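Q: what's the 3D shape of this:
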Amino acid sequence: MCPEASEHEQVTLPDAFAPHREVPWGALAPVMRTPGITDVVVNGPSEVWCDRGLGLERADAHFPSAQAVRELAVRLASLGGRRLDDASPLVDARLPDGSRLHAVLPPIAEDCASISLRTVRTGALTLSDLVAGGMLAPGLVEVVEALVRSRASILISGATGAGKTTLLASLLSVADPAERIVVIEEAGEVMPQHPHVVRLVERRANVDGAGQVSLAQLVREALRMRPDRVVLGECRGAEIKEVLAAFNTGHRGGMSTVHANSVADVPARLAALGALAAMPAPAVTMFSAAAFDVVMHVERGARGRRIAGLGVLEVSDGALVARPAVDIDQAGRMVRGVAWPHLERMLAAGGLDDGARAA
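A: Modelled structure (predicted):
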């Protein structure tokens with residue numbers, strides 16, 4: 001359980017989530033400074049929940065009334081430079097400390113404003129940290145290092161909150177320090193420990209409908225910035241067209257994340273995104289198979305977040321399919337799949353010797 005709350009306390013977040021500026025969290029202050037917190041949600045004055053990696057648990061935080069919840073939501077939205085009122089009852093904003101805010105006011109949210117907060121880690125975890133936390137099986141450390149060294153293009157799949165962004169930042173931290181990495185995001189969440197990172201963040205249209213700079217436009221601009229790696233924090237819309245084009249024009253080592261339930265479901269997800277970009281299905285199939293060398297799937301279970309398996313995208317009878325290369329069981333053991341020989345060739349390019357690959 002998270003600690004008792006005080007109504008107007010101002011807080012500095014813990015070291016792992018050190019802020020750019022302090023945020024007046026009000027009743028949520030003690031919850032937001034609890035070590036390991038990744039998400040905080042407010043459903044009502046006495047309905048506050050937090051997530052420390054093992055799922056939602058009730059937090060010891062309370063608001064005096066539904067009006068107090070609304071006032072906090074409006075205040076946080078204002079800090080993020082966004083409007084939240086009866087005329088504009090939904091908001092998605094980035095707060096000064098880097099946290100993500102989503103809020104909904106009544107009557108869209110019944111009875112009380114709904115607040116969803118996601119903290120942003122300002123420093124990437126090392127691969128050793130991921131092993132210690134149970135996310136990365138020890139036998140996979142040399143495998144993922146070799147994939148990064150070989151400049152394999154990696155697509156990280158998983159559900160919301162499964163750890164896709166955490167893994168992405170850790171992989172980028174392994175990249176050669178001499179490489180120039182251009183990271184494109186909806187909000188600045190990917191924080192690799194790397195000396196040469198250029199960050200591009202999309203800009204939404206203002207209240208007059210002007211000034212928008214989309215993810216798709218930023219991907220195109222990134223290609224003119226002499227990148228060694230182009231990285232899209234999350235592919236969730238028509239920007240898939242630009243990503244596939246970029247990864248098919250010699251820009252090796254790119255990475256992105258995508259929402260999917262399993263490695264096997266990634267082809268269907270890519271097809272759906274391609275449809276949003278008005279791409280013919282055969283084009284999505286061919287471009288995807290050529291663009292991404294490896295799919296890494298992460299999931300969150302009763303024991304926390306973990307890499308559940310690696311796969312390879314291939315074309316079979318004109319359809320895009322994901323073949324399992326490595327599955328990781330609940331004990332952390334690696335089980336080779338039918339696409340292991342394909343993955344093994346990439347590992348050799350990354351300098352992983354036969355003895356290590358046999359482990």
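
Q: for the host helix or strand of Val335, name the packing helices and strands.
A: In this structure, Val335 is located in strand 334-336 according to DSSP states H and E. If you count contacts as 3 or more Cβ pairs under 8 Å, 6 or more residues apart in numbering; DSSP states H and E, strand 334-336 packs onto strand 319-328. C-beta: built from backbone N, CA, C; applies to glycine.

Q: quick revisit: for the strand holding Val335, report the contacting residues that lie outside it.
A: Ala137, Gly139, Leu140, Ala325, Val326, Asp327, Ile328, Asp329 (Cβ atoms under 8 Å, 6 or more residues apart in numbering).

Q: do that again at 10 Å, thanks
A: Identification of contacts with strand 334-336 by Cβ atoms under 10 Å, 6 or more residues apart in numbering yields 137-140, 143, 309-310, 324-329, 340, 343-344, 357, 359.

Q: next secondary structure after it?
A: Strand 334-336 is succeeded, C-terminally, by helix 340-349 (DSSP H and E).

Q: list the buried ones in that following helix?
A: Buried residues in helix 340-349, defined by neighbour count with 16 or more other Cβ atoms under 10 Å: Trp340, His342, Leu343, Glu344, Met346, Leu347.

Q: need the CA coordinates for that helix. PDB is fine.
A: The C-alpha trace of helix 340-349 is given here as PDB (Å, rounded to 0.1, in the frame of the first residue of the first chain):
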ATOM      1  CA  TRP A 340      16.400 -20.100 -34.500                       C
ATOM      2  CA  PRO A 341      18.700 -20.700 -37.600                       C
ATOM      3  CA  HIS A 342      17.600 -17.300 -39.000                       C
ATOM      4  CA  LEU A 343      18.300 -15.600 -35.700                       C
ATOM      5  CA  GLU A 344      21.600 -17.500 -35.300                       C
ATOM      6  CA  ARG A 345      22.900 -15.900 -38.500                       C
ATOM      7  CA  MET A 346      22.200 -12.400 -37.100                       C
ATOM      8  CA  LEU A 347      23.900 -13.300 -33.800                       C
ATOM      9  CA  ALA A 348      27.000 -14.400 -35.700                       C
ATOM     10  CA  ALA A 349      27.000 -11.000 -37.400                       C
END
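
Q: report the angle between that helix and strand 319-328.
A: On the basis of axes from the mean of the first three to the mean of the last three Cα atoms, to 10 degrees, helix 340-349 is oriented at 70 degrees to strand 319-328.

Q: and helix 340-349, what other elements does it pack with?
A: Applying 3 or more Cβ pairs under 10 Å, 6 or more residues apart in numbering; DSSP states H and E, one finds that helix 340-349 contacts helix 141-149, strand 294-301, strand 304-316, strand 319-328, strand 334-336, helix 354-357.

Q: can you give me the offset of stretch 44-51 from its chain's centre?
A: Distance of stretch 44-51 from the chain centroid (Cα atoms, centre = their mean, to the nearest Å) equals 24 Å.

Q: same check on stretch 252-259?
A: Counting by Cα atoms, centre = their mean, stretch 252-259 comes out at 10 Å from the chain centroid.

Q: just stretch 243-259 next, same as before
A: 16 Å.

Q: over to it now: how far is its first residue from its last?
A: In terms of Cα to Cα, to the nearest Å, the two terminal residues of stretch 243-259 are separated by 15 Å.

Q: tell me the buried residues in that stretch?
A: Val243, Leu244, Ala246, Phe247, His251, Gly253, Gly254, Met255, Ser256, Thr257, Val258, His259.

Q: could you dump the residues you listed to a markdown table with distance to Asn43, pLDDT and secondary structure?
A: Listed next are the buried residues of stretch 243-259 as a markdown table, based on distance: Cβ to Cβ, whole Å; pLDDT from 0 to 100; DSSP: H, G, I helix; E, B strand; the rest coil:
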| residue | distance to Asn43 | pLDDT | secondary structure |
| --- | --- | --- | --- |
| Val243 | 35 | 94 | helix |
| Leu244 | 39 | 94 | helix |
| Ala246 | 40 | 91 | helix |
| Phe247 | 40 | 92 | helix |
| His251 | 43 | 85 | coil |
| Gly253 | 42 | 93 | coil |
| Gly254 | 39 | 94 | coil |
| Met255 | 35 | 96 | strand |
| Ser256 | 32 | 96 | strand |
| Thr257 | 27 | 95 | strand |
| Val258 | 28 | 95 | strand |
| His259 | 23 | 95 | strand |
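
Q: just put those residues in a markdown table and tack on distance to Leu155.
A: Output for the buried residues of stretch 243-259, formatted as a markdown table (distance: Cβ to Cβ, whole Å):
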| residue | distance to Leu155 |
| --- | --- |
| Val243 | 10 |
| Leu244 | 11 |
| Ala246 | 13 |
| Phe247 | 9 |
| His251 | 14 |
| Gly253 | 13 |
| Gly254 | 9 |
| Met255 | 7 |
| Ser256 | 6 |
| Thr257 | 7 |
| Val258 | 6 |
| His259 | 11 |
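
Q: quick check, central residue of the protein?
A: Thr165 (3.0 Å; Cα atoms, centre = their mean).

Q: what is the neighbour count of the residue nearest to that one when sequence neighbours are not counted?
A: Distances taken as Cβ to Cβ, 6 or more residues apart in numbering put Glu189 closest to Thr165, at 5.2 Å, once the chain neighbours are dropped. Using other Cβ atoms under 10 Å, the number of residues around Glu189 comes to 23.

Q: wait, Glu189 sits on Arg94?
A: Yes - using Cβ atoms under 10 Å, Glu189 makes contact with Arg94 at a distance of 8.8 Å.

Q: any residues in contact with both of these two?
A: Arg100, Val120, Val201.

Q: burial check on the second one, number of neighbours?
A: Here the count is done by other Cβ under 10 Å, and Val120 has 22 residues near it.
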